[in-house]
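> Structure here, sequence nowhere to be found:
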């Protein structure tokens, strides 16, 4: 048996007191500013610490959640039990010839800018994606006609048993907003991107254009999870939602953006329940009007408050 105090002390021993929080509201650690409390939130500073935390959760059979940078996720209001890990200290990016090696806690946008600085082309599409490298691998993130699988060479991961492994691109089964990582729950430590030499000015011009498109069309002035729904075959989710007359509508503090219908914004201190209810309203209306099932691109994790109180 174990107590929460025991777990806390062991986590402190592994990661240091400054990198372990108890009963921490996750709304402070998600881009949409929504989410209940984590029993333990940890920020390892080395690969070895990541492996030790994983071994600890295995030892005590604790629930374990990797949160990434909180960009593509809704944490329910009841929060998350057990250990929640973020890799915000693992952000190193370096270049070797035409390859970029990036730790999984680095922003994929930062990797895109780093590629520009070294006149390497291939990652321009990622200049506006609000996610970490690890999250981008897990979701095979993409935008403006490019996606991670176009430029990924291999990744270094820690398995759920705490073992280190190298996975080649083909091992990852990268598809539309999905990968084998979603099933194995391996923890990506770093990724190697194979790029090509390009002309700095041309790369910058493309990135500036994509940034302009994003900033002019997306509601970046409000917290959100980004694109809520996957693109349905033969349709665009935003267009279906717009044509359903849903812009400006929502539940509680959540609202379908009037700027881009594919986004649901946290307009006024929305709860996760508000946000999820707005998602369901959108799905139901689009299904009724067009017969199309909208599939979530965003992940919904954690417990409802009712579950927590049981």
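It's in. Remember, it's a predicted structure, so these values are computed and weren't measured experimentally. Numbers count the residues shown, from 1 in each chain.

> what about the stretch 51-200 of the chain, any weak spots by pLDDT?
Residues of the stretch 51-200 of the chain meeting the criterion pLDDT under 70: none.

> can you map out the helices along it?
Secondary structure of the stretch 51-200 of the chain by DSSP state H, counting those that start in this stretch: the helices cover 108-117, 133-139, 181-184, 200-217.

> Mind checking what helix or strand follows the longest one in sequence?
Moving toward the C-terminus from helix 200-217, the first helix or strand encountered (DSSP states H and E) is strand 224-227.

> in the helix or strand following that next one, what counts as buried?
For strand 224-227, the following helix or strand on the C-terminal side (DSSP H and E) is helix 237-243. Within helix 237-243, the residues scored as buried using 16 or more other Cβ atoms under 10 Å are 237-238, 240-242. In short, each C-beta sits where N, CA and C put it, glycine included.

> Export the helices of the stretch 51-200 of the chain as a markdown table, with columns for mean neighbour count.
Formatted as a markdown table, the helices of the stretch 51-200 of the chain follow (neighbours: other Cβ atoms under 10 Å):
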| stretch | mean neighbour count |
| --- | --- |
| helix 108-117 | 20 |
| helix 133-139 | 28 |
| helix 181-184 | 16 |
| helix 200-217 | 14 |
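
> Take the ones you listed and lay them out in JSON lines including distance to residue 17.
Formatted as JSON lines, the helices of the stretch 51-200 of the chain follow (distance: least, Cβ to Cβ, whole Å):
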{"stretch": "helix 108-117", "distance to residue 17": "28"}
{"stretch": "helix 133-139", "distance to residue 17": "25"}
{"stretch": "helix 181-184", "distance to residue 17": "31"}
{"stretch": "helix 200-217", "distance to residue 17": "39"}
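
> looking at those, which is closest to residue 63?
helix 181-184 (16.9 Å; Cβ to Cβ).

> Give me the contacts around the closest one.
137-139, 157, 159-160, 172, 188 (Cβ atoms under 8 Å, 6 or more residues apart in numbering).

> Pick out the most distant pair among the buried residues of helix 237-243.
237 and 242 (9.6 Å).

> and for these two, which residues touch both?
The contact lists of residue 237 and residue 242 share residue 261, where a contact means Cβ under 8 Å, 6+ apart.

> Residue 35: what's it in contact with?
Applying Cβ under 8 Å, 6+ apart, the residues contacting residue 35 are 25-27, 29, 70, 74-77, 79, 272, 302.

> What is the nearest of the residues you listed to residue 150?
Using Cβ to Cβ, the contacts of residue 35 come closest to residue 150 at residue 70, 25.4 Å.

> Is there a neighbour count for the closest residue in space to residue 94 that isn't next to it in sequence? I'd like the number.
Closest residue to residue 94 apart from its sequence neighbours, by Cβ to Cβ, 6 or more residues apart in numbering: residue 101 at 5.2 Å. Counted by other Cβ atoms under 10 Å, the residues lying close to residue 101 total 16.

> Run through the residues that contact residue 101.
93-95, 190-193.

> Can you get me a residue count around residue 230?
With other Cβ under 10 Å as criterion, residue 230 counts 15.

> Could you measure from it over to residue 156?
Counting by Cβ to Cβ, to the nearest Å, the gap from residue 230 to residue 156 is 28 Å.

> ok, now residue 233?
Counting by Cβ to Cβ, the gap from residue 233 to residue 156 is 34 Å.
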